[in-house]
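> need a structure here:
(chains A and B)
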Amino acid sequence: NAGVTQTPKFQVLKTGQSMTLQCAQDMNHNSMYWYRQDPGMGLRLIYYSASEGTTDKGEVPNGYNVSRLNKREFSLRLESAAPSQTSVYFCASSEGGFGAVSGNTIYFGEGSWLTVV
Amino acid sequence: QKEVEQNSGPLSVPEGAIASLNCTYSDRGSQSFFWYRQYSGKSPELIMSIYSNGDKEDGRFTAQLNKASQYVSLLIRDSQPSDSATYLCVSGGYNKLIFGAGTRLAVHP
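A predicted model of the protein is given here:
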């Protein structure tokens, strides 16, 4: 059982280049997320998709776009990469929201290390 | 002010001791709370979830929640070197998770 799979694992970009991070989950989850993790900052939500066909901005959406291609796949695109986007990116998924009665938890992919020079 | 505050550490404890990790949160509407463990270079993995006031035990781990004080803690009994990692405190609402920056725990033999 693969869980959440994201690619690529490592990428070096030049400033101004574009790229897409791919993510797929095989748990039939409704919700998918993209986070970035920077030293001392914790995980910050970039975009999320509560269900197929919907996407919403998180805390730090500027410079990114997303596509929920189908229930399994959620991609993150950097249109014009900047050094400030150097980070570790995690895709994640959950059955749904995190209310007290949901019992839901979030599952992470292995991360994508992106360096913009 | 961060929405979930944790001491960054490192918290250093000897093998076999109890490690106590704490966090506070600012959103009184938060309904669910989680502790994730993250080894260096790896993704976070869920250790405990807690939804109501009081204690919840799972093996060597005990999570504690006090909603009146907006306080969450994680106790690790009989700490092992393999417990050395960063521990992330997370608060959750309807469709939102807020992560703390994490506390680095170092268990020395």
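> How much space separates A:Thr55 from chain B?
13 Å (CB to the nearest CB, to the nearest Å). Glycine gets a C-beta too; all of them are placed from N, C-alpha and C.
> can you pull the contacts of the closest residue to that residue other than its chain neighbours?
Computed as CB to CB, 6 or more residues apart in numbering or on different chains, the closest residue to A:Thr55 that is not its neighbour in sequence is A:Ser49, at 4.8 Å. Counting by CB atoms under 8 Å, 6 or more residues apart in numbering or on different chains, A:Ser49 makes contact with A:Ser31, A:Met32, A:Tyr33, A:Thr55, A:Asp56, A:Val66, A:Arg68, A:Phe74.
> Produce a ChimeraX select command limited to the buried residues of those.
Buried members of these can be picked out in ChimeraX with the line below, counting by 16 or more other CB atoms under 10 Å in any protein chain shown:
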select /A:31,32,33,55,66,68,74
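> Around chain A, pick out the residues from chain B.
Counting by CB under 8 Å from any CB of the partner chain, the residues of chain B close to chain A are B:2, B:4, B:8, B:31-32, B:34, B:42-46, B:49, B:51-52, B:88, B:92-97, B:99-102.
> So what sits opposite residue 4 in the bridge?
Going with chain A. A:Gln25 (DSSP bridges).
> that's the other chain; I wanted chain B
B:Tyr25.
> Settle this for me: it is touching B:Gly92, isn't it.
No - counting by CB atoms under 8 Å, B:Gly92 is not a contact partner of B:Val4; they are 10.3 Å apart.
> and the contacts of A:Ser49 as JSON lines, adding pLDDT?
Formatted as JSON lines, those follow (pLDDT from 0 to 100):
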{"residue": "A:Ser31", "pLDDT": "91"}
{"residue": "A:Met32", "pLDDT": "93"}
{"residue": "A:Tyr33", "pLDDT": "93"}
{"residue": "A:Thr55", "pLDDT": "95"}
{"residue": "A:Asp56", "pLDDT": "93"}
{"residue": "A:Val66", "pLDDT": "98"}
{"residue": "A:Arg68", "pLDDT": "95"}
{"residue": "A:Phe74", "pLDDT": "97"}
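> right, and B:Leu46 touches A:Thr105 too?
Yes - here B:Leu46 lies in contact with A:Thr105, judged by CB under 8 Å, at a distance of 5.3 Å.
> tell me, what's touching those two both at once?
What both B:Leu46 and A:Thr105 touch, as defined by CB under 8 Å, 6+ apart, is the set B:Phe34.
> contacting residues for residue 6?
Let's take chain A. A:Gln6 neighbours (CB under 8 Å, 6+ apart): A:Leu21, A:Gln22, A:Cys23, A:Ala24, A:Tyr89, A:Phe90, A:Cys91, A:Gly109, A:Glu110, A:Gly111, A:Ser112.
> meant chain B, my bad for not saying
B:Leu21, B:Asn22, B:Cys23, B:Tyr87, B:Leu88, B:Cys89, B:Gly100, B:Ala101, B:Gly102, B:Thr103 are the contacts of B:Gln6 under CB under 8 Å, 6+ apart.
> For the last one, give me phi and psi.
As for B:Thr103, its main-chain torsions (degrees, to the nearest 10) stand at phi -120, psi 130.
> count of residues packed around it?
By other CB atoms under 10 Å in any protein chain shown, the residues close to B:Thr103 number 22.
> got the CA coordinates for stretch B:22-30 in CSV?
Taking Å, rounded to 0.1, in the frame of the first residue of the first chain, the C-alpha atoms of stretch B:22-30 are listed here in CSV:
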residue,chain,number,x,y,z
ASN,B,22,4.3,20.8,25.8
CYS,B,23,2.5,23.2,23.6
THR,B,24,-0.2,25.9,23.7
TYR,B,25,-2.7,26.9,21.1
SER,B,26,-4.6,30.1,20.5
ASP,B,27,-7.7,29.1,18.6
ARG,B,28,-10.4,28.2,21.2
GLY,B,29,-12.4,26.7,18.3
SER,B,30,-9.8,23.9,17.8
